[in-house]
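Undergrad: what follows is a predicted structure for the sequence shown.
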Amino acid sequence: MFSTRDASVVLDRDFLEVRGRILEVAATLDRFDRAPRTHAPGETPDRRLAQLRRALETLLEPGRGRAETIQRIFSLEYDSEWRELNGLPRPQD
């Protein structure tokens, strides 16, 4: 049977680990901000940065389903031609 733990129990158990992860993300973003930019003026920055920003914004939204939303942010859209694009044979029917 599925048991829901009290929020304070979850917080007691996970706080230090989550705090450390948030600090790690902050340090990574600081390194990114200090690094020189390699894209030309007017050129779109790396799409991965936009994904990170969208994911961070999602974390601030209240409610359930954040993990699924963030997974979708980082996922590629399904492409029915993925086998051909990767040089793989089609399965036999």
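TA: Great, that's in hand.
Undergrad: burial of Ile70, as a residue count?
TA: By the measure other C-beta atoms under 10 Å, the count of residues near Ile70 is 16. Just so you know, the C-beta spots here come from the backbone N, C-alpha and C atoms, and that holds for glycine as well.
Undergrad: against Leu88, how distant is the nearest residue to Phe74 once chain neighbours are set aside?
TA: Leaving aside its chain neighbours, Phe74 sits nearest to Gln51 (5.9 Å; criterion: C-beta to C-beta, 6 or more residues apart in numbering). Using C-beta to C-beta, to the nearest Å, Gln51 is found at 26 Å from Leu88.
Undergrad: neighbour count winner among those two?
TA: More neighbours surround Gln51 than the other of Gln51 and Leu88, with 14 against 9 (other C-beta under 10 Å).
Undergrad: phi, psi for that one please.
TA: Dihedral angles of Gln51 (phi, psi; degrees, to the nearest 10) stand at phi -60, psi -40.
Undergrad: am I right that it is in contact with Leu76?
TA: No. Using C-beta atoms under 8 Å, Gln51 makes no contact with Leu76, being 11.2 Å away.
Undergrad: kind regards, and thank you for your time.
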